[in-house]
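Peer 1: what follows is a predicted structure for the sequence shown.
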Amino acid sequence: MQHCHYLEIEGKIAATIALYKTHLIFKGKELPVTFIGGIAVNEEFRGHGVFKMFFSKLLNEYHKTTALFILWTGDPEIYEAWEFFPFGYICEQPITNPAKTLTTSGWNEEIQSLIKTQYNELSNQYIIHNRSEKFWKSMFQNYSAKVFTNDEQTEYAICSKGFDLRGICHESTSLKSPSFQVEASSFWSPEINNELAGRYMGFLKLSNIDLLNEWLKEIGSGLQLASKTSFLFNEEVFNLSQQEVIQGIFGPAWFDEIKAELPPIWIGGLDSI
């Protein structure tokens, strides 16, 4: 698979890293990003700096064509050395208004069309993953997730992708709670609910700032980054830590003025690697 890398030492696989070059999209404007996952290091080679060398080399290799790196990990403290910081917001809300359940017979053509149309409409409201036709094809071959719809097939919900998202509705029409019952006890939403605990979307690293600034201009934002710790917004300069810059722009500690013109990033459960 393209962009799946492995490091071989003396005939043995020492480490693996999967990178996925793709785009986020908002109001029709694409931002080049790279998703990172599938990281593993052979126990035999741990503690010798092998992973540090391997990971740094790949980040440098992808830097020129990547505005942001987005990583999913259970060990976030490891990646702070590479300037990855938690970002974004997911509110896991209970499903409180159950009606009746209707399970679709797989990813049939009607459901595929419904999901594509309603998902793509989200890009006018949120910054979302721009799913290519190749991605859609792969997604509709994912049989670990369950897809649901209402009787009229005007709304959809996707739940329980594999073991990591079991019992969670991780994508639905308008990213709101489904108005029909699904096989889940809660749903993910980017809408802030101060009464409920939230979680980070993932871990983000600023990469090619020129690409990011170009995209910000295209979407009509008054924000421009001078560096990873300094930005200009409406002719006022702000100097902060890198984590403050990331979280102030991409959440969860949004700067009020910026959030008014730059919405949350939303990456669904079937998008992450």
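Peer 2: Perfect, I can see it now.

Peer 1: ranges for the helices of the stretch 151-273 of the chain?
Peer 2: 209-218, 242-250, 256-259 (DSSP state H, counting those that start in this stretch).

Peer 1: restricting to C-alpha, output the longest one in CSV.
Peer 2: This file holds the C-alpha atoms of helix 209-218, laid out as CSV (Å, rounded to 0.1, in the frame of the first residue of the first chain):
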residue,chain,number,x,y,z
ILE,A,209,2.9,27.0,7.0
ASP,A,210,2.9,28.5,3.5
LEU,A,211,0.3,25.9,2.4
LEU,A,212,-1.8,26.6,5.5
ASN,A,213,-1.7,30.3,4.9
GLU,A,214,-2.6,29.9,1.2
TRP,A,215,-5.7,27.9,2.2
LEU,A,216,-6.7,30.4,4.9
LYS,A,217,-6.7,33.1,2.2
GLU,A,218,-8.8,31.0,-0.1
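
Peer 1: ok, residues contacting it?
Peer 2: Applying C-beta atoms under 8 Å, 6 or more residues apart in numbering, the contact partners of helix 209-218 are 29-32, 65-68, 206, 223-225, 227-228, 262. From N, CA and C alone the C-beta is placed, and that goes for glycine too.

Peer 1: closest to residue 115 out of those?
Peer 2: Minimum distance to residue 115 across those is 20.2 Å, recorded for residue 30 (C-beta to C-beta).

Peer 1: and the closest one, that one's in a strand?
Peer 2: Yes: applying DSSP: H, G, I helix; E, B strand; the rest coil, one finds residue 30 inside a strand.

Peer 1: what's the neighbour count on it?
Peer 2: 14 (other C-beta atoms under 10 Å).

Peer 1: same question, the one 4 residues further on
Peer 2: Other residues within reach of residue 34, judged by other C-beta under 10 Å, total 22.

Peer 1: who's it bridged to?
Peer 2: residue 21, residue 69 (DSSP bridges).

Peer 1: and it, how far is that from residue 181?
Peer 2: 37 Å (C-beta to C-beta, to the nearest Å).

Peer 1: and the contacts of helix 209-218, which two are the farthest apart?
Peer 2: So, the contacts of helix 209-218 by C-beta to C-beta: farthest apart are 30 and 227, at 23.7 Å.
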